[in-house]
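Chemist: Predicted model and sequence below, questions to follow.
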Amino acid sequence: MEATISQRRLTRSPNQDPSLPPKSITNLFDAPNLPPQNPNHGAGIQFPYRSPRFIFSKELTWTDFGVNRVLITGRGRQRLMGSLTPGEQRRVETDYLRVMATVDADQGDDAEYELRLKRYNSGHMFLRNQWRNLVDRNGLIPGDSVMGYGYRNDNGQFRLVIQVVRRN
């Protein structure tokens with residue numbers, strides 16, 4: 001186990017946060033240590049968005065379908081808050097932050113959804129608003145997984161790309 005961790009550290013630049021994927025994979029899906037790799041994508045497919053960073057992975061459960069929201073937990077919550085500016089973080093904690101999300105075209109509808117990111121006093125963080133539309137239009141079912149990659153567009157706005165991993 002320690003050898004694996006050491007090998008991973010060797011692939012990162014010395015100043016890079018160890019919880020982030022190596023810089024070499026921010027533009028390609030075929031890197032060997034992308035955490036986690038989407039098995040639905042072929043090797044060498046270019047990521048069409050600028051400087052994406054892996055934010056979260058979530059296996060969908062019934063609770064993600066019954067209400068118009070998905071719970072972001074653990075490290076995903078930390079990575080998401082770490083990707084936001086201080087002003088955006090305040091909005092997440094006091095009201096909500098509008099986050100535009102696109103579902104990846106290889107496994108989804110390539111449509112854009114307006115999600116609202118909200119962190120509650122309990123510490124729970126949810127993506128809401130058009131989540132149910134995203135689920136319905138992409139035919140997601142419990143057991144499918146979604147992965148979120150964050151980036152900033154040319155206007156500096158934080159955006160998400162949602163990848164779908166279908167349950168076999």
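Modeler: Perfect, thanks for sending it.
Chemist: mind listing the strands in this protein by residue range?
Modeler: 53-59, 69-72, 97-103, 112-119, 125-129, 145-152, 158-165 (DSSP state E).
Chemist: Give the buried residues for the third one.
Modeler: Yep, that's strand 97-103 we're talking about. Leu97, Val99, Ala101, Thr102, Val103 (16 or more other C-beta atoms under 10 Å). Heads up, the C-betas are built off the backbone N, CA and C, glycines and all.
Chemist: do the first one as well
Modeler: Within strand 53-59, the residues that qualify as buried are Arg53, Phe54, Ile55, Phe56, Ser57, Lys58, counting by 16+ other C-beta under 10 Å.
Chemist: can you count the residues close to Ser83?
Modeler: 16 (other C-beta atoms under 10 Å).
Chemist: same check, this time on Gly143
Modeler: The tally of other residues near Gly143 (other C-beta under 10 Å) stands at 13.
Chemist: go on, Asn153?
Modeler: Asn153 is flanked by 11 other residues according to other C-beta under 10 Å.
Chemist: quick one: it and Leu160 touch, right?
Modeler: No. Asn153 is not in contact with Leu160 according to C-beta atoms under 8 Å; the separation is 11.0 Å.
Chemist: rewinding a little: in JSON lines, list the buried residues of strand 97-103 along with pLDDT.
Modeler: JSON lines is the format used below for the buried residues of strand 97-103 (pLDDT from 0 to 100):
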{"residue": "Leu97", "pLDDT": "95"}
{"residue": "Val99", "pLDDT": "95"}
{"residue": "Ala101", "pLDDT": "92"}
{"residue": "Thr102", "pLDDT": "91"}
{"residue": "Val103", "pLDDT": "89"}
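Chemist: out of those, who's nearest Gln89?
Modeler: Nearest to Gln89 among the buried residues of strand 97-103 is Leu97, at 8.4 Å by C-beta to C-beta.
Chemist: does the closest one really touch Thr85, like I thought?
Modeler: No. Taking contacts as C-beta under 8 Å, Leu97 lies outside contact range of Thr85: 10.0 Å.
Chemist: Need the residues touching each of those two.
Modeler: Phe158 (C-beta atoms under 8 Å, 6 or more residues apart in numbering).
Chemist: circling back: hmm, which two among the buried residues of strand 53-59 are most spread apart?
Modeler: Arg53 and Lys58, at 16.1 Å, using C-beta to C-beta across those.
Chemist: what's the span of stretch 90-106 from first residue to last?
Modeler: Terminal residues of stretch 90-106 lie 34 Å apart, using C-alpha to C-alpha, to the nearest Å.
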